[in-house]
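Novice: could you look at this predicted model? Sequence included:
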Amino acid sequence: MSNFARRVPLLQRLEAVLESGQPHWWRDLLALWRPAGSPSGGLGLRLAIRNGTMNFYRLGQSVAKVGFTRGGSPILVVHVAYVTGLRGTGSHYARLSARPLDCPGYAGDLGNYEGAATLRKWVKEAGRRSLPEKVFVDGVVAANEDIIDLEMGLPAYIRPDDGRQVAPRMDVVALERTRAGPQIAFWEAKLMLNPELRRRGAEPPRVARQLQDYEDWMRNGQEARVALAYRDNCRLLVRLHVMARSVSHEIADLGQLIRHTAASDPPRLDPKPRLLISDPKAWSGWTENHAAKLEGYTVQIARGEPPSSLILKQPSPA
């Protein structure tokens, strides 16, 4: 089983970029970061840390993946569709380091990176391609200051019951308060009209299998590893926040639990994921029969008007 980690080993290279005082795409990206607990507005980006890289999302669309070349130079990877605004660009990704945009195998014109204006163009194009469920998730991030990860993917594993290889994913990872200290909670977000929430007859809906896959992976001796990874994640968020504040004092504060976790032992972890469902126009379609098929899982329905309805709740007093 692959290792689960949240690390950016060469982050000092990006700190050096800012210390140089020169224009750079990294400076432009940080200026658009909107930490959890603040609205993303018209151009704001959400940041998620991976193992060796970082992703900046606009309404769920990955505008920029930031990593490093083999020589250790910072590099940004962006889908060609966001650069050109064209459809049908396939799986081509452009790369930006110290040189102009480059994409081997793509014959179209990518132009040059002309600073923040170019990045804003990419962000707008990505936002236009977002889906309603991703917009919903962005609203959840805006309403909860202690969200620490988005689009979280687990390493693939083999299901013990059918031998299939699966790679579970979860929309939101958040910290929550308990009497014993911070706890990691995992949330899957769905719109009420998503067909994965329903199935005729006695069979559970597809989302139930998704949640079970996630729980099975987490309970297979992974809790300690994941908790340690997310303590590292919080430490990196604090460090990145210092960098972002050096670019713009308008960057919102980090959540208190994020800062607390960064300076503490690894947090506790609830291996059982939760489900957040929302569609203000259709929530009444949820019946007791639907809920019964998800018995054993915490299901929160975002009734009413955001943002208060999007505040993630603990399943029971801690």
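Specialist: It's in.

Novice: how does this structure divide into domains?
Specialist: 11-131, 133-310 (automatic domain parsing).

Novice: could you dump the ones you listed to a markdown table with distance to N3 and mean neighbour count?
Specialist: C-beta coordinates here come from the backbone N, C-alpha and C atoms, glycine included. Below are the domains of the chain laid out as a markdown table (distance: least, Cβ to Cβ, whole Å; neighbours: other Cβ atoms under 10 Å):
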| stretch | distance to N3 | mean neighbour count |
| --- | --- | --- |
| domain 11-131 | 8 | 17 |
| domain 133-310 | 7 | 17 |
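
Novice: can I get those domains in JSON lines with mean pLDDT?
Specialist: Formatted as JSON lines, the domains of the chain follow (pLDDT from 0 to 100):
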{"stretch": "domain 11-131", "mean pLDDT": "95"}
{"stretch": "domain 133-310", "mean pLDDT": "91"}
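
Novice: distance to A5 added to these, as JSON lines?
Specialist: Listed next are the domains of the chain as JSON lines, based on distance: least, Cβ to Cβ, whole Å:
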{"stretch": "domain 11-131", "distance to A5": "4"}
{"stretch": "domain 133-310", "distance to A5": "5"}
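
Novice: would you tell me which of those gets closest to F4?
Specialist: domain 133-310 (5.6 Å; Cβ to Cβ).

Novice: doesn't P168 make contact with D213?
Specialist: Yes - D213 lies in contact with P168 (Cβ atoms under 8 Å); the separation is 4.5 Å.

Novice: residue at max distance from the center of the chain?
Specialist: G201 (34.0 Å; Cα atoms, centre = their mean).

Novice: and that one, how far is that from K293?
Specialist: Distance, G201 to K293, by Cβ to Cβ, to the nearest Å: 10 Å.

Novice: got it, and R268?
Specialist: From R268 to K293 the distance is 29 Å (Cβ to Cβ).

Novice: can you tell me the element E176 falls in?
Specialist: In this assignment (DSSP states H and E), E176 forms part of strand 169-178.
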